[in-house]
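> When you get a sec, could you give me coordinates for this:
(one chain, ligands or ions: 1)
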Amino acid sequence: MVLEVDRAVVAYDGRPVLDGVSLKVAPAEVVAILGANGSGKSTLVKAALGLVPLSAGEVRLFGTPLRRFREWRRLGYVPQRVGAGSGVPATVAEVVAEGRLARRGFLRVASAADRRAVAEALEAVGLAERAREPVAVLSGGQQQRVLIARALAGGPELLVLDEPTAGVDAASQEAFAGCLDRFVRDGGTVVFVAHELGPLRPLITRAVVVHHGEIVHDGDPPETDNDHVHPHAGAA
Ligand SMILES: Nc1ncnc2c1ncn2[C@@H]1O[C@H](COP(=O)(O)OP(=O)(O)OP(=O)(O)O)[C@@H](O)[C@H]1O
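Next up, the predicted model:
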């Protein structure tokens, strides 16, 4: 298994937000995590990556318990968008090159392979011609694609994305879908959080619906983008 979450419990300030959630993801799966606002989707992916502590349960990445896992280069994470402009001026290519740091170490100069990986990742998200521009001048959707390119540049086996398509225009969604498609064809595994599947629908192999901190559906994707909001309503 690429990812195993076993009866995970997460509580913020004593309030349980994930209530004994179990999830297994096998190689080459494309899993969409759906659910209403505040249902616990982001918390689930953060718990799976060790970004929030579990108060009970266990997580294994590539078969290794999280506390002993060190092979972070096998994994690419794209967080929920943190708002445009961090105040640090950086070009598109510089941000994407950060995705190589886990591979090359902070003090080594970028190799030809590093530069090639950055160029390929920018190509994959359709931003090759914007490489030298400051990230801050790009639109929100394009900035999201820069973060995806950063994750791809590290050559991960598992890509975890938190709402990669939220507030992203149709063109960027299509670009992202194409890029995920290629990643999966090359043997990659994907877990992403979404409100709406849109152009990603044909790519997913499985949908997991989170409701009040529990998984209430794990299997076929919902027929329409609205089905998952009220998982128990209108099972027509
Ligand atoms: N760091 C935190 N401290 C306290 N409460 C938090 C924290 N992060 C999330 N929560 C709460 O935990 C619950 C689940 O949040 P989470 O972000 O996992 O939901 P989500 O399903 O991803 O929501 P959305 O679709 O709005 O992104 C929410 O009630 C949220 O307010």
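
> Can you show me the helices along this protein?
Under the criterion DSSP state H, the chain contains helices at 41-48, 92-97, 101-104, 112-124, 140-153, 170-185.

> Make JSON lines out of those helices and add mean pLDDT, mean neighbour count and distance to the ligand.
Just so you know, the C-beta spots here come from the backbone N, C-alpha and C atoms, and that holds for glycine as well. Shown next, in JSON lines, are the helices of the chain (pLDDT from 0 to 100; neighbours: other Cβ atoms under 10 Å; distance: least, Cβ to the nearest ligand atom, whole Å):
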{"stretch": "helix 41-48", "mean pLDDT": "94", "mean neighbour count": "23", "distance to the ligand": "3"}
{"stretch": "helix 92-97", "mean pLDDT": "86", "mean neighbour count": "23", "distance to the ligand": "23"}
{"stretch": "helix 101-104", "mean pLDDT": "67", "mean neighbour count": "16", "distance to the ligand": "25"}
{"stretch": "helix 112-124", "mean pLDDT": "89", "mean neighbour count": "18", "distance to the ligand": "26"}
{"stretch": "helix 140-153", "mean pLDDT": "88", "mean neighbour count": "24", "distance to the ligand": "15"}
{"stretch": "helix 170-185", "mean pLDDT": "87", "mean neighbour count": "17", "distance to the ligand": "17"}
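
> Same list (those) but as a markdown table, adding distance to residue 74.
Converted to a markdown table, the helices of the chain look like this (distance: least, Cβ to Cβ, whole Å):
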| stretch | distance to residue 74 |
| --- | --- |
| helix 41-48 | 14 |
| helix 92-97 | 19 |
| helix 101-104 | 10 |
| helix 112-124 | 15 |
| helix 140-153 | 12 |
| helix 170-185 | 14 |
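
> Which among those is found nearest to residue 25?
helix 41-48 (8.7 Å; Cβ to Cβ).

> Show me what the spatially most central residue of the chain is bridged to.
In the chain, the centroid-proximal residue (Cα atoms, centre = their mean) is residue 161; its distance is 1.1 Å. For residue 161, the beta-bridge assignment (DSSP bridges) gives partners residue 78, residue 192.

> Confirm for me that it is in contact with residue 189.
No: using Cβ atoms under 8 Å, residue 161 is not in contact with residue 189, being 11.9 Å away.
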